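A.B. asks: Structure, please.
(one chain, ligands or ions: 1)
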Amino acid sequence: MGRSADAPTVVLGVTGCIAAYKACELVRDLQRRDLRVKVVMTEAATRFVAPLTFRTLTGEPVAVSLWDDEPAARVHHISLAEEADVLCVAPCTANVIAKIAHGRADDMLTTTVLATEAPIVIAPAMNVHMWRDEATRSNVELLRSRGFIIVEPGIGELACGEVGEGRLAEVATIGEVVEREARCTQDLAGLRILVTAGPTYEPIDPVRFIGNRSSGKTGFAIAERAARRGAVVTLVTGPVSLPDPFGVTVVRVTTALEMRDAVLARLAQTDVVIAAAAVADFRPANFAGEKIKKDDAPRSIELERNPDILAEVGALNDGRMVLVGFAAETGDLLEHAHKKLRDKHLDLVVANDVSDGSAFGGSENRVVFVTHHGTEEMPTLPKWRIAEEILDRVRDAVQDRP
Ligand code: CTP
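C.D. replies: So this is what the prediction gives:
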């Protein structure tokens, strides 16, 4: 298969599980994306697929043992580690996840993983009980917190006959993530980006609140991708059940007033504000210090307006900052989005139709970009792809600043 001379290199690690045969498909998928692939296998993986298969598919030597003859003069696991623009382990067993999490380096693959400075993508595959086991859960979270990119396994029929979570993610999904990392540039280097995310909770009494269904996924995805692209990122988020994105300063708040204070306090050190939070527009006028008993409960709760954080930022902006807002609408999407663009002095509005509730909690969305220059309808995309598209437009808007 012809590849451009400057094609990025993917070192693909294959471990010993039945899904190893899917790694052959993955090699093809990556090559179709104009990536050069070199394979490293564990001994166990060679029980499932012969090294010759990968050698033939890639046209490159396949590394298995630390003690093989060196194909080049350099120490092989170090040269592979340095050559990799991305290292991907797919499929990755529970055992290899555990070894990597604890810094073990007792074979060619784990030594290469420890030695590389390239981004590492892990696509786990295992039995559902092994995947859900606490040891695996904490190993995976440890890796995530160190910046490893985990391509979550899917739900389906497993080799053991059970049905559940643990099945290797789709080859195309892994390929897409690997390509993204292989081609990731530092095009936002030095840009200071503040992202708001999640809902806000407005307390009624110590146990009850007014909130909304925002999962925070879009804001977290924007923060994560911006940091990978070199930006200095602060994420101010309401209550969500998502782990801190790698390389991002996370400020966790509860109410709209707390979010406002956290944002305004950081504006002097901010070049771009991306407001993805679903801020509650109202809060209860009175907070009951004690839990309200149902016999004493009022029939209605008096509300007062929360400040519009983004509108305040827009009013304070002297043209230095690039501002991005979201518009979740059920009515005339474009009309409302244009109104927000003007009223809040924004550079970009990311508008989406929430009339069917599908935008909440899912990992995909369909948005329209609205700027002063026009509108652009996007197809349904994963939230991380939407994040990349938003950041591309932010980068261009920053460059267009006088
Ligand atoms: N926003 C904010 N502070 C608020 C309310 C909204 O910063 N108190 C931001 C949101 O993060 C989002 C945009 O403003 O970027 C949404 O604008 P908003 O006018 O609240 O629109 P909707 O909530 O979609 O709906 P409505 O027009 O009904 O208010």
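A.B. asks: In the stretch 101-250 of the chain, which residue sits nearest the ligand?
C.D. replies: For the stretch 101-250 of the chain, the residue closest to the ligand is Thr196, as judged by CB to the nearest ligand atom, at 5.6 Å. All C-beta spots, glycine's among them, are computed from the backbone N, C-alpha and C.
A.B. asks: What parts of the stretch 251-400 of the chain come near the ligand?
C.D. replies: Counting by CB under 6 Å from any ligand atom, the stretch 251-400 of the chain comes close to the ligand at 256, 275, 277, 279, 281, 306, 308-310, 325-328, 340.
A.B. asks: Who are the contact partners of the most centrally placed residue in the chain?
C.D. replies: Geometric centre of the chain, nearest residue: Ala221, 4.3 Å, by CA atoms, centre = their mean. Listed by CB atoms under 8 Å, 6 or more residues apart in numbering, the contact set of Ala221 reads 383-384, 386-387.
A.B. asks: Could you rerun that using 6 Å?
C.D. replies: By CB atoms under 6 Å, 6 or more residues apart in numbering, the contact set of Ala221 is 383-384, 387.
A.B. asks: When you compare pLDDT across the residues you listed, which one is lowest?
C.D. replies: pLDDT across the contacts of Ala221 is lowest for Lys383, at 88.
A.B. asks: Might one say that it is in contact with Lys217?
C.D. replies: Yes. Assessed by CB atoms under 6 Å, Lys383 is found in contact with Lys217 at 5.2 Å.
A.B. asks: re the thing from before, can you report how many residues neighbour the residue of the stretch 101-250 of the chain closest to the ligand?
C.D. replies: The local packing of Thr196 (other CB atoms under 10 Å) involves 32 other residues.
A.B. asks: Across the sheet, point out what pairs with it.
C.D. replies: Beta bridges link Thr196 to Val236, Ala275, judged by DSSP bridges.
A.B. asks: confidence score at it?
C.D. replies: Thr196 is given a pLDDT of 98.
A.B. asks: Glu388 now?
C.D. replies: 96.
A.B. asks: That one belongs to a helix?
C.D. replies: Yes. Judged by DSSP: H, G, I helix; E, B strand; the rest coil, Glu388 forms part of a helix.
A.B. asks: Nearest spatial neighbour of it, chain-adjacent residues omitted?
C.D. replies: Take Glu388 and drop its neighbours on the chain: the residue closest to it by CB to CB, 6 or more residues apart in numbering is Arg225, 5.6 Å away.
A.B. asks: pretty sure the one you found contacts Glu389?
C.D. replies: No. Using CB under 6 Å, Arg225 makes no contact with Glu389, being 9.9 Å away.
A.B. asks: more crowded one of these two?
C.D. replies: Arg225 (24 against 17).
A.B. asks: coming back round to it: okay, buried residues for the host helix or strand of the residue nearest to the centre of the chain please.
C.D. replies: According to DSSP states H and E, Ala221 maps onto helix 217-228. Neighbour counts over helix 217-228 (16 or more other CB atoms under 10 Å) mark 217-228 as buried.
A.B. asks: now do stretch 254-269
C.D. replies: Quick answer for stretch 254-269 (16+ other CB under 10 Å): 254-256, 258-260, 262-263, 266.
A.B. asks: Quick one: residues in contact with it.
C.D. replies: Residues contacting stretch 254-269 (CB under 6 Å, 6+ apart): 192, 194, 200-202, 234, 236, 251, 253, 279-280, 306-307, 309.
A.B. asks: Among those residues, which lie within helices?
C.D. replies: Those of these mapping onto helices are Ile309, per DSSP state H.
A.B. asks: Report the two of the contacts of stretch 254-269 separated the most.
C.D. replies: Arg192 and Glu202 (29.1 Å; CB to CB).
A.B. asks: Those two: who's more crowded?
C.D. replies: With neighbours defined as other CB under 10 Å, Arg192 and Glu202 compare such that Glu202 has more, 24 against 17.
A.B. asks: Could you measure from the more buried one over to Ala276?
C.D. replies: Distance of Glu202 to Ala276, given as CB to CB, to the nearest Å: 19 Å.
A.B. asks: tell me the contacts of the residue of the chain positioned farthest from its centre?
C.D. replies: Distance from the C-alpha centroid of the chain, by CA atoms, centre = their mean, peaks at Asp295 (46.1 Å). Not one residue lies near Asp295 by CB under 6 Å, 6+ apart.
A.B. asks: SS state for it?
C.D. replies: helix.
A.B. asks: I'd like the distance between it and Asn286.
C.D. replies: Counting by CB to CB, the gap from Asp295 to Asn286 is 18 Å.
A.B. asks: Kindly report the same for Ser241.
C.D. replies: Applying CB to CB to Ser241 and Asn286 gives a distance of 29 Å.
A.B. asks: and the stretch 101-250 of the chain, which residues reach the ligand?
C.D. replies: So far as CB under 6 Å from any ligand atom goes, the stretch 101-250 of the chain lies against the ligand at Thr196.
A.B. asks: All the helices of the stretch 101-250 of the chain, in order from the start?
C.D. replies: 108-115, 128-132, 134-145, 171-182, 217-228 (DSSP state H, counting those that start in this stretch).
A.B. asks: Serialize these to CSV and add fields for mean pLDDT.
C.D. replies: Formatted as CSV, the helices of the stretch 101-250 of the chain follow (pLDDT from 0 to 100):
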stretch, mean pLDDT
helix 108-115, 96
helix 128-132, 95
helix 134-145, 97
helix 171-182, 97
helix 217-228, 96
